[in-house]
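[1] The sequence isn't on hand, but the structure is:
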């Protein structure tokens with residue numbers, strides 16, 4: 001019986017393979033049966049409005065076109081090509097563009113596929129869910145801050161009813177336009193176990209891993225300087241200011257470990273992730289030391305220069321939990337091929353709630369922060385030596401969201417949310433509380 005259920009799911013996925021990256025099954029389809037060619041064309045628009053209230057630093061309330069996309073796909077036998085492009089903000093932005101080849105089911109009813117191009121890194125439940133299917137106006141802040149997004153690379157995916165695996169290798173820069181240095185590389189994957197997956201109810205537990213080696217940057221004093229920037233705005237799209245941000249010079253190796261859970265029933269869903277990120281650093285101290293000899297910044301020995309300019313690794317973490325309840329409308333659907341929850345489809349009303357935590361503070365006990373200089377000092381006092389602190393004050397953020405979404409049909413949806421954020425960051429010592437009321441109109445075909 002379970003095998004029959006999963007074979008039915010495979011058939012459904014096969015029928016919709018050309019639409020797998022659309023939020024809704026595209027309505028514009030062009031078929032050439034003689035050549036076994038199938039084309040689709042779609043579009044998506046998101047228009048947001050938001051009102052903000054803060055303790056001190058103002059945010060820009062207003063309206064914004066946050067998404068304006070043209071999407072297309074082509075299927076030929078077992079080959080699938082997909083591309084979408086964004087024109088919001090008055091400029092052209094490349095989104096997903098890839099080629100995929102799928103194999104026939106194996107003896108374990110498993111489906112394999114190979115993908116090449118520019119698409120989402122497998123790491124993360126939130127990052128791999130399309131915003132058109134997300135059930136919230138924005139992704140959870142820790143997913144934005146800690147997880148990679150789209151990358152240029154190759155991936156292999158395998159799934160059957162109880163298992164899912166997606167692994168890939170990616171380039172550091174999709175256009176190879178770095179100032180200096182050859183590109184680094186990243187590898188990683190996402191793995192799920194689904195003890196329940198019967199077509200109406202699903203439960204999965206999963207883990208993901210990502211390793212990235214950074215090698216591109218700019219040359220300073222004949223030394224290559226890489227920079228990794230982690231950050232997130234409040235959970236909104238109208239004002240993209242990143243009140244939570246960590247800038248990490250000389251980042252070398254980046255490690256991500258995620259754990260996730262998701263439960264989906266016809267009228268209820270709950271999902272969550274925990275994210276941990278560790279960044280090691282590396283620089284050519286000898287060359288920098290020699291470059292400073294004879295200057296006002298020179299040091300007597302390499303050891304004294306290193307003591308005055310310490311370099312250390314950093315760790316950050318974050319988590320979120322989300323839940324939704326369908327008041328009326330078609331049932332929630334779990335996508336076995338992607339290990340994700342689908343969006344609203346048809347006339348529906350739902351209520352949702354989320355809590356998230358983002359931790360980009362990695363502070364050394366006893367250090368002093370000077371607001372005027374935006375700088376941390378060791379030993380609790382402002383001093384010239386040691387000149388550099390090991391503290392990273394990117395900020396900690398707690399966010400709570402409650403909202404409702406109403407879908408008029410499979411094309412048009414409106415969303416309304418209240419979002420509260422509590423910020424703990426030395427740079428914004430006069431800011432703790434950020435309140436937001438926001439709405440979205442979305443049209444997709």
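    Sure thing, it's come through. What you are looking at is a predicted structure, and each value in this text was computed from that prediction instead of being measured.
[2] Look through this structure and tell me its longest strand.
    strand 37-54 (DSSP state E).
[3] and the next element down the chain from that one?
    strand 62-76 (DSSP states H and E).
[4] Point out the other elements, helices or strands, that that next one touches.
    strand 37-54, strand 79-86 (3 or more C-beta pairs under 8 Å, 6 or more residues apart in numbering; DSSP states H and E). For the C-beta atoms, the positions are set from N, CA and C on the backbone; glycine is no exception.
[5] okay, the angle between that strand and strand 37-54?
    160 degrees (axes from the mean of the first three to the mean of the last three C-alpha atoms, to 10 degrees).
[6] What angle do strand 79-86 and strand 62-76 make with each other?
    Using the same axes, to 10 degrees, strand 62-76 lies at 160 degrees relative to strand 79-86.
[7] how about strand 62-76: buried residues?
    64, 66, 67, 68, 69, 71, 72, 73, 74, 75 (16 or more other C-beta atoms under 10 Å).
[8] what bridges to the closest residue to residue 436 other than its chain neighbours?
    Residue nearest to residue 436 in three dimensions, not counting chain neighbours: residue 419, with 4.3 Å by C-beta to C-beta, 6 or more residues apart in numbering. Note on residue 419: beta-bridge partners by DSSP bridges are residue 401, residue 436.
[9] Ok, residue 197 next?
    Beta-bridge partners, per DSSP bridges, of residue 197: residue 202.
[10] ditto for the one 10 residues further on
    Using DSSP bridges, the beta-bridge partners of residue 207 come out as residue 191, residue 259.
[11] So residue 303 lies in a helix, does it not?
    Yes. The assignment for residue 303 by DSSP: H, G, I helix; E, B strand; the rest coil puts it in a helix.
[12] I'd like the distance between it and residue 414.
    63 Å (C-beta to C-beta, to the nearest Å).
[13] and if you look at residue 83?
    28 Å.
[14] So if I had to pick from these two, which one is more boxed in?
    residue 83 (18 against 13; other C-beta atoms under 10 Å).
[15] returning to what we had before: correct me, but the residue nearest to residue 436 touches residue 399?
    Yes. If you go by C-beta atoms under 8 Å, residue 419 and residue 399 touch, sitting 6.6 Å apart.
[16] Touching both of the two, which residues are there?
    234, 235 (C-beta atoms under 8 Å, 6 or more residues apart in numbering).
[17] worst-scoring helix or strand of this structure, pLDDT-wise?
    helix 2-15 (a mean of 41; mean pLDDT, DSSP states H and E).
[18] what's the neighbour count on the residue nearest to residue 436?
    23.
[19] which residues touch it?
    Neighbours of residue 419 in contact, by C-beta under 8 Å, 6+ apart: 234, 235, 236, 399, 400, 401, 435, 436, 437, 438.
[20] Look at the nearest residue to residue 343 once chain neighbours are set aside and report its pLDDT.
    Closest residue to residue 343 apart from its sequence neighbours, by C-beta to C-beta, 6+ apart: residue 133 at 3.2 Å. pLDDT, residue 133: 93.
[21] Could you do residue 16 as well?
    pLDDT at residue 16 comes out at 40.
[22] Roughly how far does the nearest residue to residue 400 once chain neighbours are set aside sit from residue 261?
    Using C-beta to C-beta, 6+ apart and skipping residues adjacent in sequence, the residue nearest residue 400 is residue 420, 4.9 Å away. As judged by C-beta to C-beta, residue 420 and residue 261 stand 24 Å apart.
[23] which intervals of the stretch 201-350 of the chain have sub-threshold pLDDT?
    297 (pLDDT under 70).
[24] Where do the helices of it begin and end?
    285-292, 302-308 (DSSP state H, counting those that start in this stretch).
[25] Would you format these as CSV with distance to residue 359 and mean neighbour count included?
    Below are the helices of the stretch 201-350 of the chain laid out as CSV (distance: least, C-beta to C-beta, whole Å; neighbours: other C-beta atoms under 10 Å):
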stretch, distance to residue 359, mean neighbour count
helix 285-292, 29, 15
helix 302-308, 28, 14
